[in-house]
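Asks: below are the sequence and a predicted model for it; my questions follow.
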Amino acid sequence: MLPTHGRYDYHPWPMRAAYTWPGETRLAVYLGINLEHFAFGEGLGAELAPDGPQPDVLNFAWRDYGNRVGAWRLIALLDELGLPATVLVNSAMYDYAPALVAAHRARGDEIAGHGRTNSERQSILPEAEERALIAESTAAILRHEGRAPRGWLSPWIAESRTTSDLLAEAGYAYTLNWCADDAPIWMRTRGGRLLAVPYPQEVNDIPAIVARKDGATQFADMIMEDFEERLLQVRDGRPQVMGIALHPYLVGQPYRMRQLRRALGHVAARRGVVWITTAGGVLDHVLSLPPGSIPGE
């Protein structure tokens with residue numbers, strides 16, 4: 001037998017239970033906005049020009065553009081279209097750009113945990129240090145937002161063998177780390193169950209634009225084609241969750257913003273046909289469903 005994680009069992013898609021999202025819809029859509037801060041002169045980070053020597057001013061400044069400019073343009077677009085968001089916050093943002101997090105707070109957006117900084121990976125830490133990282137990030141969100149986050153996305157989606165356990169033990173109710181499904185599934189942890197809410201690794205500007213070098217038009221078309229295909233698929237009665245992962249230093253560039261406006265406008269125009277929500281909204285509705293609706297129960 002191959003080694004296994006033991007977190008969930010195999011559940012064939014055609015054998016899933018049928019249920020609906022609010023408004024008798026079958027497709028839930030949420031935006032995951034990543035607010036990230038990076039160390040200067042060290043650590044990890046996406047690269048516009050790879051392998052530059054430290055201090056790498058070009059790549060640091062390119063990423064910092066998102067916090068200074070791009071994220072504000074993205075907020076204006078969300079306001080224009082009336083779209084909510086789940087904001088995935090590096091806790092370092094509270095010290096570096098508190099006004100930006102406050103602007104999302106004022107919108108009523110959901111704030112979820114995203115580690116301390118994307119300059120580090122939690123997966124390489126000893127368990128006690130990883131627990132401390134989660135606690136530090138969680139405490140910062142609680143202090144500034146007045147409530148603890150319910151969801152978590154690890155920086156670089158990096159998990160140790162105990163990350164899911166540590167999240168459940170820290171009081172988290174859902175994780176976005178496991179991109180194994182198109183619908184929520186319950187995962188087993190030593191601290192109880194943890195809901196895996198689908199988070200995209202395809203309709204995500206980092207792998208699309210940074211890794212695959214897709215253009216702005218390609219990325220916008222990807223969002224719309226994914227959306228339309230899912231609307232066809234959910235006619236089989238099985239609901240889906242579509243996440244759209246966005247990083248302001250990428251989609252906040254003006255030419256990409258123009259294409260993103262086209263794509264998100266296409267989605268927003270189908271409000272009522274689909275349920276536009278947050279990752280936390282998905283969690284809340286799952287908790288209201290009859291037992292047996294979600295795999296892993």
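Replies: Okay, I see it.

Asks: which neighbouring elements make contact with the strand ranked longest in the chain?
Replies: If you go by DSSP state E, the chain has its longest strand at strand 27-35. Packing partners of strand 27-35 (3 or more CB pairs under 8 Å, 6 or more residues apart in numbering; DSSP states H and E): helix 71-81, strand 86-89, helix 98-107, helix 216-233, strand 240-246, helix 248-251, strand 275-277, helix 279-288. Heads up, the C-betas are built off the backbone N, CA and C, glycines and all.

Asks: so it versus helix 98-107, what angle?
Replies: Orientation note: strand 27-35 sits at an angle of 160 degrees relative to helix 98-107 (axes from the mean of the first three to the mean of the last three CA atoms, to 10 degrees).

Asks: which one of the helices and strands packed on strand 27-35 is the most hemmed in?
Replies: Comparing the helices and strands packed on strand 27-35 by mean neighbour count (mean count of other CB atoms under 10 Å), strand 86-89 comes out on top with a mean of 28.

Asks: direction included, what does the longest strand of the chain pair against?
Replies: With DSSP bridges as the test, strand 27-35 is paired with strand 86-89 (parallel), strand 240-246 (parallel), strand 275-277 (parallel).

Asks: out of those strands, which comes closest to residue 215?
Replies: strand 240-246 (16.0 Å; CB to CB).

Asks: just to revisit the earlier point, got the strands paired with strand 27-35 as CSV, with distance to residue 284 columns?
Replies: What follows is these, written out as CSV (distance: least, CB to CB, whole Å):
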stretch, distance to residue 284
strand 86-89, 12
strand 240-246, 13
strand 275-277, 9
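
Asks: those: which one's closest to residue 175?
Replies: In terms of CB to CB, the element of these nearest to residue 175 is strand 86-89, at 11.7 Å.

Asks: report the distance from the closest one to the chain centre.
Replies: 7 Å (CA atoms, centre = their mean, to the nearest Å).

Asks: average pLDDT for that strand?
Replies: Mean per-residue pLDDT for strand 86-89: 99.

Asks: do the same with stretch 3-11
Replies: Stretch 3-11 shows a mean pLDDT of 97.

Asks: what's it in contact with?
Replies: Here stretch 3-11 makes contact (CB atoms under 8 Å, 6 or more residues apart in numbering) with 161, 164, 178, 180, 185, 186, 187, 188, 189, 196, 295, 296.

Asks: if any of these are buried, put those into a ChimeraX selection.
Replies: To isolate the buried ones among the contacts of stretch 3-11 in ChimeraX, judged by 16 or more other CB atoms under 10 Å, type:
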select :164,178,185,186,187,188,189,196,295,296
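
Asks: so what's the residue most central in space within the chain closest to, chain neighbours aside?
Replies: Nearest to the centroid of the C-alpha atoms of the chain, with distances taken as CA atoms, centre = their mean, sits residue 32, at 4.1 Å. Of all residues not flanking residue 32 in the chain, residue 245 sits nearest, at 4.7 Å (CB to CB, 6 or more residues apart in numbering).

Asks: on that earlier part again, which residues does the residue nearest to the centre of the chain contact?
Replies: The contact partners of residue 32, taken as CB under 8 Å, 6+ apart, are 85, 86, 88, 153, 176, 199, 200, 243, 244, 245, 246, 279.

Asks: can you check residue 231 too?
Replies: If you count contacts by CB under 8 Å, 6+ apart, then residue 231 has 27, 270, 273, 274 around it.

Asks: measure it to residue 193 for me?
Replies: For residue 231, the distance to residue 193 (CB to CB, to the nearest Å) stands at 30 Å.

Asks: now do the stretch of helix or strand residue 64 belongs to against helix 71-81, angle only.
Replies: Using DSSP states H and E, the element containing residue 64 is helix 57-65. Angle between the axes of helix 57-65 and helix 71-81 is 30 degrees (criterion: the same axes, to 10 degrees).

Asks: tell me the buried residues in helix 57-65?
Replies: Across helix 57-65, burial judged by 16+ other CB under 10 Å covers 59, 60, 62, 63, 64.

Asks: and for the second one, nearest residue in space, chain neighbours not counted?
Replies: Yep, that's residue 60 we're talking about. Among residues not flanking residue 60 along the chain, residue 40 sits closest, at 5.6 Å (CB to CB, 6+ apart).
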